[in-house]
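A.B. asks: when you get a sec, could you give me coordinates for this:
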Amino acid sequence: MKIHALIVAAGKGIRAGGGLPKQYRVVAGAPLLRHAVLGLIGHPGITGATVIINPGDRAMYDDAVGDLALSPPVAGGATRQLSALAGLESLAGDPPDIVLVHDAARAFVPAPVIDALLAALADAGNDGACPALPVTDSLRRGTGHFDGAVDRDGLWRVQTPQAFRYPALLAAHRAAAPGATDEAAIAMASGMKIAITPGNERAFKVTEPQDFAKAEAMTLYSSRAASGFDVHRFGPGDHVWLCGVQVPHDHGLVGHSDADAGLHALTDALLGTIAAGDIGDHFPPSDNRWKGAASDQFLAHAAGLVRARGGIIDHVDVTLICERPKIGPHRAAMQARMAAILAIDISRDSVKATPTEALGFTGRQEGIAAQAMASVRLPEGVCLPEGVCLPETVDV
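C.D. replies: Here you go, the predicted structure:
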């Protein structure tokens, strides 16, 4: 089943302040839009995603999420409703079965919210599903002074993403009168049956300047560190690959790929931070696709897996263990290359080298060894707070 996510990010976000659209402001080390996208594409049920943007924001979009596996961005319209319709129309040539429409300003949606939406659409009786939280505060009506109470029974705070069967939502959008604030309103106006599913306080909408502090406080991360180690023996050749840099030498290194011990060790370290096995699990030496392959793609793959989990790479460190070649003249190039592969600032990676005082196989100049460390931050899984979860979906 094809399940596609549309992230609406074409607004100006001027109420949030900060001098640029709120979806591009940085929270917890990354633009708000990046957090929103990662929360969706990291979900195993979602097979593709597209961001709807203001065409004038393309450079900021590329900086924020240009390295992620997304469909090309779609130009939005003058209103949220028109932007969402533009996104839906962009999928018409290869339509998904289900589409989720999400606001970029709701950047921290827990996976259980998406689980509940997809579960609700597994019921053929539901045309769509919408996460919501019950209103728990007392409500009053008035201007300047209270002049009446409002019964809060049956009232809900509506959130996104909202999920629908794609053909029905597209038809409803095409026929909709202007002025709708979300897809649930458009769907209900067309007679679609929408299930209420559990919302979550973490999925709040960043609107005012103070909401950024709230978003920072709600972004819970755990730190993880892991190590990697790799060895390759010398063989015929006139260069070696180390940390992504070709280094002249009177021998080469023997391996199924380019035998870059530094990048192999670092790849294993990053995979270890997310308990994703080792380099051989992802790029087995029995697979001829990787014969002679450049190891930068192995490291980029591991970094992509970390980011797909919503992770942030804090620091990486590689120690090369060899008598020769001399690493010092190439250290700066190695740091720059690793930073480029990982899409991190060069200040967050390190390369060192040490000999072994002529001891062991490296001391005898039979090969090169490398050890690496990586530290990352991963978002914590947060259970739905007590009193927020609904016992079951409710039709409206």
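
A.B. asks: got the end-to-end distance for stretch 122-130?
C.D. replies: Length of stretch 122-130, first residue to last, C-alpha to C-alpha, to the nearest Å: 14 Å.

A.B. asks: now tell me what touches that stretch from outside.
C.D. replies: Here stretch 122-130 makes contact (C-beta atoms under 8 Å, 6 or more residues apart in numbering) with 116-117, 120-121, 158-159, 162-165, 168-169, 182-184, 187, 192-197, 393, 395. All C-beta spots, glycine's among them, are computed from the backbone N, C-alpha and C.

A.B. asks: now that stretch: average pLDDT?
C.D. replies: If you average the pLDDT over stretch 122-130, you get 95.

A.B. asks: tell me the buried residues in that stretch?
C.D. replies: Across stretch 122-130, burial judged by 16 or more other C-beta atoms under 10 Å covers 126-130.

A.B. asks: same thing with stretch 251-260?
C.D. replies: 251-253, 255-260.

A.B. asks: ok, now stretch 362-374?
C.D. replies: Buried-residue list, stretch 362-374, by 16+ other C-beta under 10 Å: 362, 367-374.

A.B. asks: mind checking which of those are in strands?
C.D. replies: Those of the buried residues of stretch 362-374 mapping onto strands are 367-374, per DSSP state E.

A.B. asks: burial of P95, as a residue count?
C.D. replies: Counted by other C-beta atoms under 10 Å, the residues lying close to P95 total 13.

A.B. asks: equivalent analysis for the one 5 residues further on, please.
C.D. replies: Other residues within reach of L100 by the criterion other C-beta under 10 Å amount to 27.

A.B. asks: and it, backbone torsions?
C.D. replies: Taking degrees, to the nearest 10, you get phi -110, psi 130 for the backbone angles of L100.

A.B. asks: with adjacent residues omitted, what lies nearest to it?
C.D. replies: Excluding its sequence neighbours, the residue lying closest to L100 (C-beta to C-beta, 6 or more residues apart in numbering) is P161, at 4.1 Å.

A.B. asks: tell me the contacts of that neighbour?
C.D. replies: Counting by C-beta under 8 Å, 6+ apart, P161 has contacts 5, 40, 100-102, 106, 109, 113-114, 117, 131.

A.B. asks: reformat those residues as CSV; add secondary structure and distance to R174.
C.D. replies: Formatted as CSV, the contacts of P161 follow (DSSP: H, G, I helix; E, B strand; the rest coil; distance: C-beta to C-beta, whole Å):
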residue, secondary structure, distance to R174
A5, strand, 20
L40, helix, 24
L100, strand, 19
V101, strand, 15
H102, strand, 20
R106, coil, 25
V109, coil, 27
V113, helix, 27
I114, helix, 26
L117, helix, 23
P131, strand, 25
